[in-house]
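Enquirer: sequence and predicted structure, then a few things I'm wondering about:
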Amino acid sequence: MKCEWVQENILLYVYNELADDARYELEQHLGRCPECATELKSARAFHATLSKLPVAEPTPNLLAASRMRMQESLETAEQGGWWHRLTFDPANWLRQIHFSPALAAVIFMIGFGGGIAMMTQLPKIPGQPGPGPEPQPQFSDLSTIAGFRSVIQDPSSNQVTIKYDTVRTEQTQGSINDQRIQQLLLYASRNNYNSGVRMDSVDLLTQKPNDSRVREALIYSLRNDSNPGVRLKAIEGLGSYVKDDISVRDAVLNALVTDKNQGVRTQALLLLEPVKADSSVRAALQHLAETDQNQYIRSQARTVLAQLPEID
């Protein structure tokens, strides 16, 4: 066994991720190689130091933004690479299982879970009790939701149907005033890879802008969503709060200055009309009137500034 292989796999050894036979060979090598034994000692010391550090919990906003970026990256990534390796390189796949007991355990659990799922799909045998009623989804841990398929409101009522994925696709239905529905809408507006679902969720949330949680979600979408249609829906829902809510005003002002979509920036300019005399708004308008590359925005900023009284 070469030192290079041993040093490449020492961390797997420290984390107990080596197969038994590979672990035995590595230990035999360590007994006769002082250099690799020193490397092992350093790796264990590093692991012990890391274990003493507190584990910081990510904020909900950071978690949501990270998931959105990951989902958007998956949408644009080339497909088929992993499947190609799985299908056309079975030897590599078997090697991975051989040297990773954790991976083998995961595969076993997936197979076991699949078998259980198949059993639940079998028809009921007369005389045998069937499964109990399907439990209602619990929303205390929204991180178990993998994604949303659709958000649909009944045109003749305030009933909303939300279809989402956990281990399998599920859905729930209720009034837009229902706390469960509102909680799912807030989550879907931030965390789904489907921009159409995010737009539908934000559109429904604009019916409840007096809820502080809803305004916070709309501000988040306005600042962070990659789809301009979603950002436009969000800014429209925030319009009536620009005058009285400083956080809303700051978000709209930020959209006016930094958003890349002219429609969103134009809507922001219109919404800031009631507070155009605010010092921060005035300063932003002055900057846009002098330097903005968009001719329409530059012209509108100059028009608004011309209507303002001079400051002594």
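Expert: Everything's here; your move. Residues are numbered from 1 along each chain as shown.
Enquirer: list the helices and strands the one helix or strand Ala284 maps to packs on?
Expert: Ala284 belongs to helix 279-291 when elements are defined using DSSP states H and E. Judged by 3 or more C-beta pairs under 8 Å, 6 or more residues apart in numbering; DSSP states H and E, the packing partners of helix 279-291 are helix 246-258, helix 295-306. For glycine as for every other residue, the C-beta is placed from the backbone atoms N, C-alpha and C.
Enquirer: which helix or strand lies directly C-terminal to the first one?
Expert: If I follow you right, that is helix 246-258. Using DSSP H and E, the helix or strand that follows helix 246-258 in sequence is helix 262-271.
Enquirer: what packs against that next one?
Expert: Secondary-structure packing of helix 262-271 (3+ C-beta pairs under 8 Å, 6+ apart): helix 228-238, helix 246-258, helix 295-306.
Enquirer: could those helices be laid out in JSON lines, adding mean pLDDT, distance to Pro58 and mean neighbour count?
Expert: Converted to JSON lines, these look like this (pLDDT from 0 to 100; distance: least, C-beta to C-beta, whole Å; neighbours: other C-beta atoms under 10 Å):
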{"stretch": "helix 228-238", "mean pLDDT": "91", "distance to Pro58": "23", "mean neighbour count": "24"}
{"stretch": "helix 246-258", "mean pLDDT": "91", "distance to Pro58": "22", "mean neighbour count": "19"}
{"stretch": "helix 295-306", "mean pLDDT": "87", "distance to Pro58": "36", "mean neighbour count": "15"}
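Enquirer: as CSV, these with distance to Leu18 would be great.
Expert: Shown next, in CSV, are these (distance: least, C-beta to C-beta, whole Å):
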stretch, distance to Leu18
helix 228-238, 47
helix 246-258, 50
helix 295-306, 60
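Enquirer: out of those, which is closest to Thr172?
Expert: Closest of the helices and strands packed on helix 262-271 to Thr172 is helix 228-238, at 22.2 Å (criterion: C-beta to C-beta).
Enquirer: export that closest one as CSV, just CAs?
Expert: Taking C-alpha atoms only, helix 228-238 is exported to CSV below (Å, rounded to 0.1, in the frame of the first residue of the first chain):
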residue,chain,number,x,y,z
PRO,A,228,-38.8,39.9,-12.6
GLY,A,229,-42.5,38.9,-12.7
VAL,A,230,-42.3,37.8,-9.1
ARG,A,231,-40.5,41.0,-8.1
LEU,A,232,-43.2,43.1,-9.9
LYS,A,233,-46.0,41.2,-8.0
ALA,A,234,-44.2,41.8,-4.8
ILE,A,235,-43.7,45.5,-5.3
GLU,A,236,-47.3,46.0,-6.3
GLY,A,237,-48.4,44.3,-3.0
LEU,A,238,-46.2,46.7,-1.0
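Enquirer: which strands and helices lie in contact with it?
Expert: Helices and strands touching helix 228-238, as assessed by 3+ C-beta pairs under 8 Å, 6+ apart, comprise helix 195-205, helix 212-224, helix 246-258, helix 262-271.
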